[in-house]
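[1] My questions are about this predicted structure, shown below with the sequence.
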Amino acid sequence: MHTTLERVLAKYPHESYFIEATQEFFSSLSFEVEPTILEQLLHAERIIMFRVPWIDRDGITQTNYGYRVQYNGALGPYKGGLRFDPSVNLDILKTLAFEQTFKNALTGIAMGGAKGGSDFNPKGKTDAEIMKFCQNFMIELHRHIGATIDVPAGDKGVGKREVGYMFGAYKRLTHSFEGVLTGKDIAFGGALGRTEATGYGLIYIVNALLRDIKQDLEGKRVVISGSGNVAIYAAEKAIAEGACVIAMSDRSGYVYDEAGLELQAIIDHKLKGEPLETFTGARFVHELPIWSVPCDIALPCATEGEINERDIKALAINGCKIIAEGANRPLTKEAVDAIQASDILYLPGKAANAGGVAVSGIEMSQNAQMRAFTFAEVDTQLKAIMESIYVQIRNTAKELGEPTNFLKGANHVAYAKVAYAMKAQGYV
Ligand code: NDP
């Protein structure tokens, strides 16, 4: 391991997730990274941590912890989601902010990388409690963000409702109506197409890859984990392109139909708050991982670490040819290594799920211009961005002599953009 990497990471021995992600990233580069840049890229530019007191429905003051990791601002204002979940800690947020920096670089839009959130658990809270928490969270965060400084978005536990409450709080605290958050309601600056963006973008990049190997989605058997935002819109677009989505999952297990799932029925069922376990429109399985289903294309769209080495072997044996990550880091390190030893083509999340942040970038741009793009305008831009990401990472992988190593291609392209800007700005 590079001595700078070893020395810096030794300072954070408890941050195992961050250590794994950074080691994996830098070891994928085929050259020795300049020590100054390496040292800077191993440290967030700024980490803000704060206490969030709020009053619950019984009038009792609760205390949570809030964070914003402004990881790297070389390419534009810091940009990345806010996550409200009990699992939130600095290790996870630093890792996601590090990854976000490179994902954002791939989009070609002027955005730095950040991530933030709180260990607040929105599950089981009343609407008023959520509102109070969001307002109190913003009482501290508003000092550190702004339309040209840092533009947070939603993530797990933070949807349109929470973004709206935080936007309202920011507006009152700063006396400024500006594009400080993305993922807003369409009524006050949100972008049409943001909801669909990550799922649609995933299919656009898969299509770009398929075109390259003289194939298309028509008749392909697709397995998608999750049945949330990313999964649903990936399924919708895949079906529209002629694919057959044969399995989808949630925390309770997966549903399967060789003839193709009835997507609208699944959406309606999940909207009622029901688990797939009680869905009667297809066979339900919970004893086996969804990755045991034979398919041509696997799209992990649920959560971190959901595919392990054993799953990759099962997918390869069953004929899977493409894995594209809709979720963030859904493959374990061992799974990523196992893919490199198989003939599965792998599109890593920092490229494959960049559609969401790309449309957030489009939302920033329409807010700055005080206008609103149509759905078709947004969708056309999204498609062009995803296709451009594919071309960049494919060409770089080719230049590196490993034409199907899109992970290496993506890391090299993204690193080059970020490192160039850091150096050109005087190593900051
Ligand atoms: P949602 O919360 O809308 O959906 C998540 C889905 O995954 C739900 O169906 C959930 O099941 C399922 N799920 C969660 N954990 C597990 C598990 N351990 N096993 C099986 N299923 C599970 O999230 P999103 O669709 O928005 O995000 C999914 C992933 O994509 C996350 O990793 C997120 O960070 C990433 N991502 C999202 C973007 C976006 O724009 N939304 C952008 C880029 C990345 P259940 O219904 O039972 O809760």
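    Cool, the structure landed. These numbers come from a predicted model, not from an experiment.

[2] longest strand of this protein?
    Using DSSP state E, we find that the single longest strand of the chain is strand 61-72.

[3] Show me how far that strand is from its chain's centre.
    Centroid separation between strand 61-72 and its chain, computed with C-alpha atoms, centre = their mean, to the nearest Å, is 19 Å.

[4] do stretch 43-54 as well
    A distance of 21 Å separates the centroid of the chain from that of stretch 43-54, by C-alpha atoms, centre = their mean.

[5] Tell me the buried residues in that stretch?
    Neighbour-count burial for stretch 43-54, counted by 16 or more other C-beta atoms under 10 Å, picks out 44-45, 47-48, 50, 52, 54. (Each C-beta comes from the backbone N, C-alpha and C, glycine too.)

[6] Now do that stretch, average pLDDT.
    Per-region confidence: stretch 43-54 scores 98 on mean pLDDT.

[7] contact partners of that stretch?
    8, 61-73, 90, 94, 97-98, 116, 118, 120, 129, 132-133, 135-137, 140-141, 144 (C-beta atoms under 8 Å, 6 or more residues apart in numbering).

[8] and the chain, which of its residues are near the ligand?
    Where the chain comes near the ligand, counting by C-beta under 6 Å from any ligand atom, the residues are 155-156, 198, 226-231, 249-251, 275, 301-303, 306, 326-328, 353, 356.

[9] In helices, which of those fall?
    If you go by DSSP state H, the residues of the chain next to the ligand have 198, 229-231, 356 in helices.

[10] how close does Leu38 get to Lys11?
    Distance, Leu38 to Lys11, by C-beta to C-beta, to the nearest Å: 14 Å.

[11] Now do the residue nearest to Gly113 when sequence neighbours are not counted: how many residues are near it, please.
    Distance criterion C-beta to C-beta, 6 or more residues apart in numbering; nearest residue to Gly113, sequence neighbours excluded, is Thr101 at 2.7 Å. Thr101 has 30 neighbouring residues, counting by other C-beta atoms under 10 Å.

[12] check which helix or strand covers Thr101.
    helix 90-107 (DSSP states H and E).

[13] from the ones in helices among the residues of the chain next to the ligand, which single one is nearest Tyr78?
    For these, the residue nearest Tyr78 by C-beta to C-beta is Gly356; the value is 16.2 Å.

[14] right, and that closest one touches Arg194 too?
    Yes. Between Gly356 and Arg194 there is a contact at 7.4 Å, judged by C-beta atoms under 8 Å.

[15] For the chain, which segments count as strands?
    Remark: strands assigned in the chain by DSSP E are 46-55, 61-72, 78-84, 113-118, 150-153, 221-225, 244-250, 253-256, 283-285, 297-300, 322-324, 345-347.

[16] Outline the domain layout of the protein.
    Per automatic domain parsing, the structural domains of the chain span 1-43, 44-177, 197-352.

[17] Chain neighbours aside, what residue packs nearest to the residue of the stretch 51-200 of the chain found nearest the ligand?
    Here the residue of the stretch 51-200 of the chain nearest the ligand is Thr198; by C-beta to the nearest ligand atom that distance is 3.7 Å. In this structure, Thr198 finds its nearest non-sequential neighbour in Gly356, 3.7 Å apart by C-beta to C-beta, 6+ apart.

[18] Tell me, how many residues neighbour that neighbour?
    29.

[19] need the contact list for the closest residue to Met364 other than its chain neighbours.
    Among residues not flanking Met364 along the chain, Gly179 sits closest, at 5.3 Å (C-beta to C-beta, 6+ apart). Counting by C-beta under 8 Å, 6+ apart, Gly179 touches 147, 151, 189, 363-364, 367-368.

[20] Weed out the non-buried ones from those.
    Applying 16+ other C-beta under 10 Å to those, the neighbour count classes 147, 151, 189, 363-364, 367 as buried.

[21] Quick check, central residue of the protein?
    When C-alpha atoms, centre = their mean is applied to the chain, the residue found nearest the centroid is Asn328 (4.8 Å).

[22] More neighbours: Leu38 and Lys11, which one.
    A count of neighbours by other C-beta under 10 Å puts Leu38 above the other of Leu38 and Lys11, at 19 against 9.

[23] how much space between the more buried one and Leu9?
    From Leu38 to Leu9 the distance is 11 Å (C-beta to C-beta).

[24] Please apply the same query to Ala421.
    Distance, Ala421 to Leu9, using C-beta to C-beta: 24 Å.

[25] Enumerate every residue touching the nearest residue to Ile339 once chain neighbours are set aside.
    Nearest residue to Ile339 in three dimensions, chain neighbours excluded: Tyr346, at 4.7 Å (C-beta to C-beta, 6+ apart). Applying C-beta under 8 Å, 6+ apart to Tyr346 gives the contacts 322-324, 336, 339-340, 406-407.

[26] Just the buried ones out of those residues, please.
    By neighbour count, with 16+ other C-beta under 10 Å, the contacts of Tyr346 hold 322-324, 336, 339, 406-407 as buried.

[27] Which one of the residues you listed is nearest to the ligand?
    Set against the ligand, the nearest of the buried ones among the contacts of Tyr346 by C-beta to the nearest ligand atom is Ala324 (12.1 Å).

[28] what about that closest one, distance to Ile389?
    According to C-beta to C-beta, Ala324 and Ile389 sit 12 Å apart.

[29] what is in contact with those two at once?
    Taking C-beta under 8 Å, 6+ apart as the contact rule, Ala324 and Ile389 both touch Ile205.

[30] For whichever residue of the chain sits closest to the ligand, grab the count of nearby residues.
    Distances between the chain and the ligand by C-beta to the nearest ligand atom are smallest at Gly228, namely 1.7 Å. Look at Gly228: counted by other C-beta under 10 Å, it has 17 neighbours.

[31] still on that earlier bit, just curious, which of the buried residues of stretch 43-54 is nearest to Val163?
    Nearest to Val163 among the buried residues of stretch 43-54, with distances taken as C-beta to C-beta, is Val52, at 16.6 Å.

[32] about what we covered before: minimum pLDDT in the contacts of Tyr346, which residue is that?
    When the contacts of Tyr346 are compared by pLDDT, Gln340 scores lowest at 86.

[33] need the domains of the chain in a markdown table with distance to Glu377, can you?
    Listed next are the domains of the chain as a markdown table, based on distance: least, C-beta to C-beta, whole Å:
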| stretch | distance to Glu377 |
| --- | --- |
| domain 1-43 | 34 |
| domain 44-177 | 15 |
| domain 197-352 | 13 |
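
[34] Contacts only, for Ser292.
    Neighbouring residues of Ser292 by C-beta under 8 Å, 6+ apart: 311, 314, 318.
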